[in-house]
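K.L.:
coords below, sequence missing:
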């Protein structure tokens, strides 16, 4: 029987890949590699996983932002230099006992497993599994909740996690980068195209010209800076709220605010059953909006949501206010014959319909509302990060952005915030005027000024 050498097929790390490779092979547990496009991030992780799976029996995964993206980027992707699939280069047939193309799952001869998963379905695709190692690819575009979900599994199993990405604005990946930089146990590295010398000046110039021709000069340059020079400050391509969210951070409006005890905490819902449900908790304080909490999950019944909301309210001592729900909540459900509004009322909630509106009008309302908002830090991971990432679809044929948004993990938090934007004025009318929070001056929504930090 012939022996198989790993890394397979003579693969060896390039010079710029050696620090990450050496850290992982020495047993490092947490790594963040912010490398430019085409620097070989996924290849390093795939070959490391192949060795790790043979050294220690366990479950391993490669997580992309979306499950279908994982099929294109990892499972069926072909190395143009060798003509082989990337997974076949990293995981040769000789170390596999079975391969399931439908579920993108490999079982190895020693009992270890490896699979491709998506952060868009993390709470279903990862449920019931216990992992020894996970690669989070394109983490800046992933649902950040996937790390909160999988972290306890890895800690329990003394497992490793690798985060590889290029920047997408100052979102959750940027916050992780700042944390990793100051944490000795983490590997943290940012490599631009100039750092690796993989791309010539001529190639870089051609890439910039191509991106500018596709997206226009401003968007094209921003994309180029993100992809090849790992620029955190470049806005997310096609983002609806990039300017407003950047101002939230620049003006210090992510702060540990507390709810006013004499006022109600309202909730804005994007309702789903099989799909995601997203809920923002907010309180109107004078001309400000305290955005206190964000919750999201999929496949949960209203009964379970009521229990979770009650627990959160008791935890923080909040007075429950109005539950603002989309206009279609008045439609009767086929199974029960009741509307969502009636069901919520029967459960002790206080639903009120958000005014019916066009999506464009709601987005404009959200843009006018964001300058009035102060966000509690606990909203950053799944809430504010979603608003920063919420973006238009790109039309490859027309070479322009569509009016429609990308439907991914950001959609439901963004929709729920749109309902908040359409409802907070109505909620404000129920409250008595309150003093401004010390340190902030927030103009009314019809004032062209932005909120300023004193």
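P.N.:
Here it is on my side, so go on. Quick caveat: nothing in here was measured; it's all calculated off a predicted structure.

K.L.:
In this structure, where's the longest helix?
P.N.:
helix 411-428 (DSSP state H).

K.L.:
Mind checking the pLDDT average for it?
P.N.:
Confidence over helix 411-428 (mean pLDDT, whole number) is 92.

K.L.:
List the buried residues for it?
P.N.:
411-424, 427-428 (16 or more other C-beta atoms under 10 Å). For every residue, glycine as well, the C-beta is placed using N, CA and C.

K.L.:
likewise stretch 59-77?
P.N.:
Quick answer for stretch 59-77 (16+ other C-beta under 10 Å): 59-67, 69-71, 73-75.

K.L.:
Figure out the length between the terminal residues of that stretch.
P.N.:
Start-to-end span of stretch 59-77 (C-alpha to C-alpha, to the nearest Å) is 22 Å.

K.L.:
can you give me how far that stretch is from the chain middle?
P.N.:
16 Å (C-alpha atoms, centre = their mean, to the nearest Å).

K.L.:
swap in stretch 208-219?
P.N.:
Worked out by C-alpha atoms, centre = their mean, stretch 208-219 lies 25 Å from the chain centre.

K.L.:
which regions of this protein lie under the pLDDT threshold?
P.N.:
Counting by pLDDT under 70, the chain shows low-confidence ranges at 1-2, 123-128, 273-275, 332-337, 396, 399, 430-454.

K.L.:
Domain map for it?
P.N.:
8-196, 201-236, 249-453 (automatic domain parsing).

K.L.:
Find out how far the last one is from the centre of the chain, if you would.
P.N.:
The one in question is domain 249-453. That offset, for domain 249-453, works out to 17 Å (C-alpha atoms, centre = their mean).

K.L.:
swap in stretch 196-215?
P.N.:
That offset, for stretch 196-215, works out to 27 Å (C-alpha atoms, centre = their mean).

K.L.:
What residues of it count as buried?
P.N.:
Per 16+ other C-beta under 10 Å, stretch 196-215 contains these buried residues: 196, 198, 199, 207, 208, 211, 212, 215.

K.L.:
Closest to residue 181 out of the residues you listed?
P.N.:
For the buried residues of stretch 196-215, the closest approach to residue 181 (C-beta to C-beta) belongs to residue 196, at 19.5 Å.

K.L.:
wait, that closest one sits on residue 36?
P.N.:
Yes: contact status for residue 196 versus residue 36: in contact at 7.0 Å, counting by C-beta atoms under 8 Å.

K.L.:
Centroid-nearest residue for this protein?
P.N.:
residue 143 (2.8 Å; C-alpha atoms, centre = their mean).

K.L.:
distance of that residue from residue 149?
P.N.:
9 Å (C-beta to C-beta, to the nearest Å).

K.L.:
Now do the shared contacts for those two.
P.N.:
In terms of C-beta atoms under 8 Å, 6 or more residues apart in numbering, residue 143 and residue 149 are both contacted by the residues residue 122.
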